[in-house]
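Trainee: 3D, please:
(one chain, ligands or ions: 3)
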Amino acid sequence: MLSRQLARRVVLRVPRRWSHSPAGLTGLNSVTEEDLAHFAKILPSSSILSTLSPSATPSSELEPFNNDWMDKYHGKSTTVLKPRTTQEVSEIVRWCNQRKIGIVPQGGNTGLVGGGVPIQDELILSLANMAKVRSFDDVSGILVADAGCILQSLTDYLAPHHHIVPLDLGAKGSCQIGGNVSTNAGGLRLLRYGSLHGSVLGLEVVLPDGTVLDQLTSLRKDNTGYDLKQLFIGAEGTLGIVTGVSILAAPAPQASNNVMLALPKFENVQPLYKEVKRQLSEVLSAFEFIDRTVYDLAVKHGQGRALNPQDIEGAECFVLVETSGGNREHDEQKLNSLLESLMLAEEPLINTGVLASSPAQFSALWAIREGLTEAVSKEGKAYKYDISVPLNKFQEVVDKTREHLRSKDLLHENAVKYVVGYGHVGDGNLHLNVVAAAYTPEIEAALEPFVYELVASYRGSISAEHGIGVMKTHALQYSKSPTSIEWMKKIKALFDPNGIMNPGKVLP
Ligand code: FAD
Ligand code: MLT
Ligand code: ZN
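Mentor: Ligands and ions are numbered 1, 2, ... in the order given. Presented below is the predicted three-dimensional model:
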């Protein structure tokens, strides 16, 4: 059986250069020594990190919690709490609600929109100590786990039971299932397994007043009125703290294979996708787009194994296709005849295709795709826009953004070095990345609202998967109507009248 064997990724942190200037948080209080004394009644001292006396943890120990993965957003929290049980979370939240202390729920802190770090000195509630699998039923495939379980560890847990988590992403070695649910993470398997709105069966959530909402059902079907759990999927911690997740694991495929296709021009991506879907049908499990510039960055920064340079001469972009099915011979036959028909076509859509012939090659091809985020962050500071636009506009968005930056005289080594695109074709999700030498207000002003207006002109979404966080609160109206925003605000006020839960995130 082939399985994806990617090593855990080490989360990189690079020195701070530019601080995001946040909106103020009105009406909330800072954590005091009296609060710490109360938390010490709930938690052991090992679960409390605080720069306030009497604990006086060195502030360097709080840095990984206060700074995000991209080193773009920086908080000033004095206190991180790491509860071990839902009961402890509930008691902390109840206290913070009474005292009007803002709370930032934090998972693996791999989010890309600044949602998981404080804006000012909110308390950070880390789920890292809640990392147990609660149950797994290998008949129904239902997995119930603490929210702090790392995605890769759940994959490892399920492997001997011949199941997989229906979600996969490059941050799997650090991100947590609670963070995945809270961002409604998409990733590399969405094409096959759909979104978490479908595969999450139930949640346990600590509400902003400390009440535990136990909806941790392990039923496939439950039509008893409003489906409250859906509100917390993608809420980015603004409505409550997810402490437990019930999710439908998928049977592990008996065989997986992949092929990297090099295309002479972007215009071929759409007809290629149609043809690949037609020929591979039920075994197609991923179809990922990589433009030439970002492929070259991945190679430069050692992500995966580079393809033979002669084979990919003149290629304008690449597509990584994966199959997962129940019969190796049958799947390989389908993939081989697809390749043959593509190569022998009168007007071939591809220049060449590299088919993985071993588990190591399979992983190496995936490592190129999964390493793009890291490659980009090694090259510079990335402005990341994860947008939904029609597939035939992917390249146009990248090109128009590059030209816009050029017209502002910002396209050079000391400002914007590269404008690149990659993404999940099957989901209509383009990752537009503007790789700069540094985060600067000048580049940001050139990009926003330009990018959001461009997206709106295609009736797209300003966030296909990473969420709103603190990055896009001001831009929500490009993708949500005033009525939708109004009702989102009413829902927020209903759950969290004191506004303590991840303040300043998602809503303008
Ligand atoms: P965090 O970053 O800690 O938090 C994210 C948000 O969720 C914050 O608003 C936080 O407050 C909230 N939150 C976290 N835990 C909880 C909880 N238990 N209860 C309530 N709120 C909570 N995303 C994709 O969708 N697809 C991808 O393919 C993808 N690839 C990535 C690759 C890399 C290399 C990196 C660095 C990121 C990638 N992401 C991707 C971003 C993605 O959103 C996160 O990786 C992941 O879903 C966040 O999980 P986390 O545990 O790190 O959450
Ligand atoms: C991806 O698809 O690789 C992720 O969403 C992360 C990113 O956008 O870089
Ligand atoms: Zn993505």
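
Trainee: Identify the residue of the stretch 201-350 of the chain closest to ligand 1, quick one.
Mentor: Using Cβ to the nearest ligand atom, the closest approach of the stretch 201-350 of the chain to ligand 1 is made by Gly237 at 2.9 Å. Bear in mind the C-beta positions are built from the backbone N, C-alpha and C, glycine included.

Trainee: which ones are touching that residue?
Mentor: Gly237 makes contacts with Val104, Pro105, Gly115, Gly116, Ser182, Met501, Asn502, Lys505, as judged by Cβ atoms under 8 Å, 6 or more residues apart in numbering.

Trainee: hang on, it in a strand?
Mentor: No. Gly237: not assigned to a strand; according to DSSP: H, G, I helix; E, B strand; the rest coil it is coil.

Trainee: how close does it get to Val200?
Mentor: 16 Å (Cβ to Cβ, to the nearest Å).

Trainee: Same question for Asp121.
Mentor: As judged by Cβ to Cβ, Asp121 and Val200 stand 32 Å apart.

Trainee: Give me the pLDDT value at Ser55.
Mentor: pLDDT, Ser55: 69.

Trainee: before we move on, the earlier item: mind putting the contacts of Gly237 into a markdown table with pLDDT?
Mentor: Below are the contacts of Gly237 laid out as a markdown table (pLDDT from 0 to 100):
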| residue | pLDDT |
| --- | --- |
| Val104 | 98 |
| Pro105 | 99 |
| Gly115 | 98 |
| Gly116 | 98 |
| Ser182 | 98 |
| Met501 | 98 |
| Asn502 | 98 |
| Lys505 | 98 |
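
Trainee: Can you select the buried ones among those for me in ChimeraX?
Mentor: Here is the ChimeraX selection string for the buried members of these, based on 16 or more other Cβ atoms under 10 Å:
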select :104,105,115,116,182,501,502,505
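
Trainee: Looking at the contacts of Gly237, which are in helices?
Mentor: Among these, the ones falling in helices (DSSP state H) are Ser182.

Trainee: just checking: which of the contacts of Gly237 also lie near ligand 1?
Mentor: Within the set of the contacts of Gly237, contact with ligand 1 (Cβ under 6 Å from any ligand atom) is found for Val104, Pro105, Gly115, Gly116, Ser182, Asn502, Lys505.

Trainee: Disregarding flanking residues, what is the spatial nearest neighbour of the closest residue to ligand 2 within the stretch 101-250 of the chain?
Mentor: Here the stretch 101-250 of the chain gets closest to ligand 2 at one residue, Gly170, 5.1 Å apart by Cβ to the nearest ligand atom. With sequence-adjacent residues excluded and distances taken as Cβ to Cβ, 6 or more residues apart in numbering, Gly170 is closest to Glu370, at 4.0 Å.

Trainee: who's in contact with the residue of the stretch 251-400 of the chain found nearest ligand 1?
Mentor: Using Cβ to the nearest ligand atom, Thr373 is the residue of the stretch 251-400 of the chain that sits closest to ligand 1, at 3.7 Å. Contacts for Thr373 were tallied using Cβ under 8 Å, 6+ apart; they are Gly170, Ala171.

Trainee: same question, Gly202
Mentor: Taking Cβ under 8 Å, 6+ apart, one finds Val144, Gln215, Leu216, Thr217, Ser218, Leu219, Lys229, Val245, Ser246 in contact with Gly202.

Trainee: Report the beta-bridge partners for it.
Mentor: Ser246 (DSSP bridges).

Trainee: now do the one 10 residues further on
Mentor: Listed beta-bridge partners, Val212: Val206 (assigned using DSSP bridges).

Trainee: That one and Val206 touch, don't they?
Mentor: Yes. Applying Cβ atoms under 8 Å as the test, Val212 and Val206 come out as touching, 5.7 Å apart.

Trainee: Just say helix, strand or coil for whichever residue of the stretch 251-400 of the chain sits closest to ligand 2.
Mentor: The nearest approach of the stretch 251-400 of the chain to ligand 2 comes at Thr373, 3.4 Å away (Cβ to the nearest ligand atom). Three-state call for Thr373 (three-state DSSP): helix.

Trainee: and what of Gln98?
Mentor: Under three-state DSSP, Gln98 falls in the helix class.

Trainee: Numbering from 147 from now on, please.
Mentor: New numbering, starting at 147: the last item is Gln244.

Trainee: do you know how far it is from ligand 2?
Mentor: To ligand 2, Gln244 is 38 Å away according to Cβ to the nearest ligand atom, to the nearest Å.

Trainee: Count the neighbours of Asp217 for me.
Mentor: Neighbours of Asp217 under the rule other Cβ atoms under 10 Å: 17.

Trainee: isn't there a strand covering it?
Mentor: No. Counting by three-state DSSP, Asp217 is located in no strand; its state is coil.

Trainee: Next, the buried residues of the longest helix seen in the chain.
Mentor: Longest helix in the chain, counting residues (DSSP H): helix 474-490. Using 16+ other Cβ under 10 Å as the test for burial, helix 474-490 gives Arg474, Asp477, Glu478, Lys480, Leu481, Leu484, Leu485, Leu488.

Trainee: Ok, stretch 440-449 next?
Mentor: By 16+ other Cβ under 10 Å, the buried positions in stretch 440-449 come out as Val440, Tyr441, Leu443, Ala444, Val445, Gln449.

Trainee: Export these as CSV, with columns for distance to Gln425, pLDDT and secondary structure.
Mentor: Shown next, in CSV, are the buried residues of stretch 440-449 (distance: Cβ to Cβ, whole Å; pLDDT from 0 to 100; DSSP: H, G, I helix; E, B strand; the rest coil):
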residue, distance to Gln425, pLDDT, secondary structure
Val440, 27, 98, helix
Tyr441, 24, 98, helix
Leu443, 31, 98, helix
Ala444, 27, 98, helix
Val445, 29, 97, helix
Gln449, 29, 93, coil
